[in-house]
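# Need a 3D model of the following:
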Amino acid sequence: MAHFTSDGLELAYDEFGPADARKAIVLVHGFSANRHENWKRMGWYDAIAAKGLRGFAFDNRGHGESAKPHDPARYDREAMARDVFALMDHAGVERAHVLGFSMGSHIALTAALVDPGRIDHLVVAGVGARMFDPPRAEGAMAEAMEAASPDDIADPMLKSFRHFADEQKEDRLALAACSRGPRLALTRDSLMAIRRPTLVVAGARDQLAGPPQGLAEAIPGAKAATLPGCDHFSCIGHPMFKATVFDFFDGWLE
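Numbers count the residues shown, from 1 in each chain. As a prediction, the model looks like this:
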């Protein structure tokens, strides 16, 4: 298992695809998941390697095989975005595509605001117009992770995240801290500063994300793609998701 250090934390990662590839890509997984569950198991490693890209996927701090501090201050979204660049520095990669899913999309968008010159194409999935809605009940996700049992959680969406975290054997106190971490506000005004080619992808039935067009409209020149029949959790492994991303990279997505 390979590691790199960022912000004093040891983070686990995988590298795949040809080491001498002209283009690289960094994958950033969602909340309560990890690099294996979100990306490797869903076929992304093989698909990226088959496209001739040099791929990297890492476990976000608090997840998988990476360090798991229980202090919310260690989960500042800007610091988590800089983890992407720390991995690139470790691998000797100056510039890369970045693909995020759900929380990973928030991290990827933050990265595009923090250091846009190092990002080639940006893909954010599992996010959409609801990013601009008022936040859900403050602390609800953290409380769901801290609950003694999933049976104590009334909200079905929160319960599904808790079940998923338990299935992945994640550190629930680290996830609670991650949920409470400070974050850079991603507003329509702030996202106007992104000048990288951007694709927003969401499932047609993704009630958590909402329509991708509503987010794409806030990013200059961004494209939107809706995956039919997919909800928040099923879109990541959908073959159409991979095809859409690669079409975007190749310049075929209109």
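
# where in this structure is pLDDT low?
Residue ranges of the chain with pLDDT under 70: 253-254.

# Kindly list the longest helix within it.
Ranked by residue count, the top helix of the chain under DSSP state H comes out as helix 77-91.

# Which helix or strand lies directly C-terminal to that helix?
strand 96-101 (DSSP states H and E).

# Burial check on Glu15, number of neighbours?
Neighbours of Glu15 under the rule other Cβ atoms under 10 Å: 15. For every residue, glycine as well, the C-beta is placed using N, CA and C.

# Quick one: residues in contact with the longest helix of the chain.
For helix 77-91, contacts defined as Cβ atoms under 8 Å, 6 or more residues apart in numbering pick out 4-7, 11, 13, 15, 24, 26, 28, 56, 58, 60-61, 94, 96, 98, 106-108, 110-111, 114-115, 118, 181-184.

# Assess the claim that Phe241 and Cys235 are in contact.
Yes: between Phe241 and Cys235 there is a contact under Cβ atoms under 8 Å: 5.7 Å.

# tell me the centre residue of this structure?
Centroid-nearest residue in the chain: Gly104, 1.5 Å away (criterion: Cα atoms, centre = their mean).

# picking up where we left off before, now list the buried members of the contacts of helix 77-91.
Among the contacts of helix 77-91, the ones that count as buried by 16 or more other Cβ atoms under 10 Å are 4, 6, 11, 13, 24, 26, 28, 56, 58, 60-61, 96, 98, 106-108, 110-111, 114, 118, 181, 183.

# Can you list which of the residues you listed are found in strands?
Phe4, Ser6, Leu11, Tyr13, Ala24, Val26, Val28, Phe56, Phe58, Ala96, Val98 (DSSP state E).

# Can I get those in TSV including distance to Cys230?
Output for those, formatted as TSV (distance: Cβ to Cβ, whole Å):
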residue	distance to Cys230
Phe4	32
Ser6	32
Leu11	29
Tyr13	27
Ala24	27
Val26	23
Val28	19
Phe56	25
Phe58	25
Ala96	26
Val98	21
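
# Closest one of those residues to Ile194?
Of all those, Val98 has the smallest distance to Ile194: 11.6 Å, by Cβ to Cβ.

# so who does that closest one touch?
Val98 neighbours (Cβ under 8 Å, 6+ apart): Ile25, Val26, Val28, Val84, Ala108, Ala111, Ala112, Ile119, Asp120, His121, Leu122, Val123.

# Now do the buried residues in the strand or helix carrying Ala243.
Assessed by DSSP H and E, Ala243 sits inside helix 239-250. Within helix 239-250, the residues that count as buried by 16+ other Cβ under 10 Å are Phe241, Lys242, Thr244, Val245, Phe246, Phe248, Phe249.

# can you confirm Asp206 is in a helix?
No: using DSSP: H, G, I helix; E, B strand; the rest coil, the assignment for Asp206 is coil, not a helix.

# can you count the residues close to it?
Here the number of neighbours of Asp206 (other Cβ under 10 Å) works out to 25.

# Show me what stretch 126-140 is in contact with.
Counting by Cβ under 8 Å, 6+ apart, 30, 101-102, 105-106, 155, 158, 179-180, 186-188, 200-203, 206, 208-215, 218, 232, 235-236 sit against stretch 126-140.

# dump the residue contacts of the closest residue to Phe164 other than its chain neighbours.
Computed as Cβ to Cβ, 6 or more residues apart in numbering, the closest residue to Phe164 that is not its neighbour in sequence is Ser32, at 5.4 Å. Residues in contact with Ser32 (Cβ under 8 Å, 6+ apart) are His63, Met145, Phe161, Phe164, Ala165, Gln168, Glu170, Leu175.

# ok, the third one to Glu170 distance?
When Cβ to Cβ, to the nearest Å is the yardstick, Phe161 and Glu170 sit 10 Å from each other.
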